[in-house]
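In: the sequence isn't on hand, but the structure is:
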């Protein structure tokens, strides 16, 4: 037993969790021997407030104190009922309990839209769809303290994409009531700006809605069902815009009346290593790239490499993007482009979605492009 004045709530030992009414009976019968709860507290050498909290069931009882009160009560029937109902909690239970209260306090500081809210509120659903797509295309979810399950999210843009950053910042504020603050440099000298969501609850919400933890290229990733099942064109556009702005680029030239095309790409890691994959002699000048034509007739494990990658390393999220573009009456084409050799000796599969040049003007009309440089390149021929 601890020294006088040590609250039972702070004792680092196993605790007895009892039904409130049974715990109240234990305290009252133990106190009856001494006349009242105050005298019981003196006998147990604990504050009287602790005895009061035990009596009303606000606190669980340290096992050593429960044994002392059972001896004070001297009631065999009560002891039998308590032995049959007791649930012993680990000595660290109080830490988890208090941290749980703290987590709930932080949870209440942010808004976490429910599926029902997203299905009923068009504006909220559109903004939430854009946030999810932004993190999928330009961000990541990472663990801060893996042993505690704490996670956070971050977003990265090129240093000239301040317009996209502020757009994303506004979306996060509207959806989650959370301000990511002004853009920050990455700290490694890269020409980029970053924003951080230091909320495990928002990070967990993003994970539940399709964003992968860690390296996204190594895992299958799909847009949320409430996006794909929606019949709202505004939701489709909101979910597509971050992909076209984040992973897309304008191709070709507008000189001599030629229209520019538009391409967006995404990487999926494969299990093909350097030794398994055949290396065609005409693979090009770079040893790290193998184009579609170079491996068109190559096989691995008796299967065409292109078919192998299509079956096991296809970009599922680009399939969803292509489907949404089709719903907007565009005619995108998704295809395998090439393999890229990573530093770890494994190959990544690069998938490409091409939008026909005669339809790129619709990207502007539909509001699928917000990044100023891309808009200027596309408008360069649209206004001719």
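Out: That came through fine. This one's a predicted model, so the numbers in the text were calculated from it and none came from an experiment. Residues are numbered from 1 along each chain as shown.
In: for the rest of this, base every contact and every neighbour count on C-alpha atoms.
Out: OK.
In: give the buried residues for the helix or strand that contains residue 308.
Out: Taking DSSP states H and E as the criterion, residue 308 maps to helix 305-312. Using 16 or more other C-alpha atoms under 10 Å as the test for burial, helix 305-312 gives 305-306, 308-309.
In: residues touching it, excluding its own?
Out: Contact with helix 305-312 is made by 270, 292, 295-296, 298-300, 336, 349, as judged by C-alpha atoms under 8 Å, 6 or more residues apart in numbering.
In: what does stretch 76-89 give?
Out: Residues outside stretch 76-89 that contact it (C-alpha under 8 Å, 6+ apart): 14-19, 22, 26, 70.
In: those in helices, which ones?
Out: Of the positions in the contacts of stretch 76-89, 22, 26, 70 sit in helices, assigned by DSSP state H.
In: neighbour-wise, which of these leads?
Out: Sorting the ones in helices among the contacts of stretch 76-89 by how many neighbours each has (other C-alpha atoms under 10 Å) puts residue 26 first, at 25 neighbours.
In: just send the contacts of stretch 76-89 back as JSON lines, with pLDDT and distance to residue 83 too.
Out: Below are the contacts of stretch 76-89 laid out as JSON lines (pLDDT from 0 to 100; distance: C-alpha to C-alpha, whole Å):
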{"residue": "14", "pLDDT": "83", "distance to residue 83": "15"}
{"residue": "15", "pLDDT": "83", "distance to residue 83": "13"}
{"residue": "16", "pLDDT": "86", "distance to residue 83": "10"}
{"residue": "17", "pLDDT": "86", "distance to residue 83": "11"}
{"residue": "18", "pLDDT": "89", "distance to residue 83": "10"}
{"residue": "19", "pLDDT": "91", "distance to residue 83": "12"}
{"residue": "22", "pLDDT": "92", "distance to residue 83": "11"}
{"residue": "26", "pLDDT": "92", "distance to residue 83": "12"}
{"residue": "70", "pLDDT": "92", "distance to residue 83": "10"}
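In: state the pLDDT value of the residue lying closest to residue 179 once chain neighbours are set aside.
Out: Spatial nearest neighbour of residue 179, excluding adjacent residues (C-alpha to C-alpha, 6 or more residues apart in numbering): residue 173 at 5.3 Å. Per-residue pLDDT puts residue 173 at 94.
In: pull up the distance across stretch 194-208, start to finish.
Out: 23 Å (C-alpha to C-alpha, to the nearest Å).
In: next one: stretch 251-269
Out: Using C-alpha to C-alpha, first and last residues of stretch 251-269 are 25 Å apart.
In: same check, this time on stretch 183-202
Out: Using C-alpha to C-alpha, the end-to-end distance of stretch 183-202 comes to 19 Å.
In: by mean pLDDT, which helix or strand of this structure comes out lowest?
Out: Least confident helix or strand of the chain, by mean pLDDT, DSSP states H and E, is helix 93-107 with a mean of 51.
In: coming back round to it: what about the contacts of helix 305-312, which are in strands?
Out: If you go by DSSP state E, the contacts of helix 305-312 have 270, 299-300, 336, 349 in strands.
In: so which of those is the closest to residue 184?
Out: Using C-alpha to C-alpha, residue 349 is the member of the ones in strands among the contacts of helix 305-312 that lies nearest residue 184, at 31.1 Å.
In: I'd say the closest one and residue 335 touch.
Out: No. Taking C-alpha atoms under 8 Å as the definition, residue 349 is not a contact partner of residue 335, at 10.7 Å.
In: so the two - more neighbours on which side?
Out: For residue 349 versus residue 335, neighbours defined as other C-alpha under 10 Å are more numerous around residue 349 (25 against 19).
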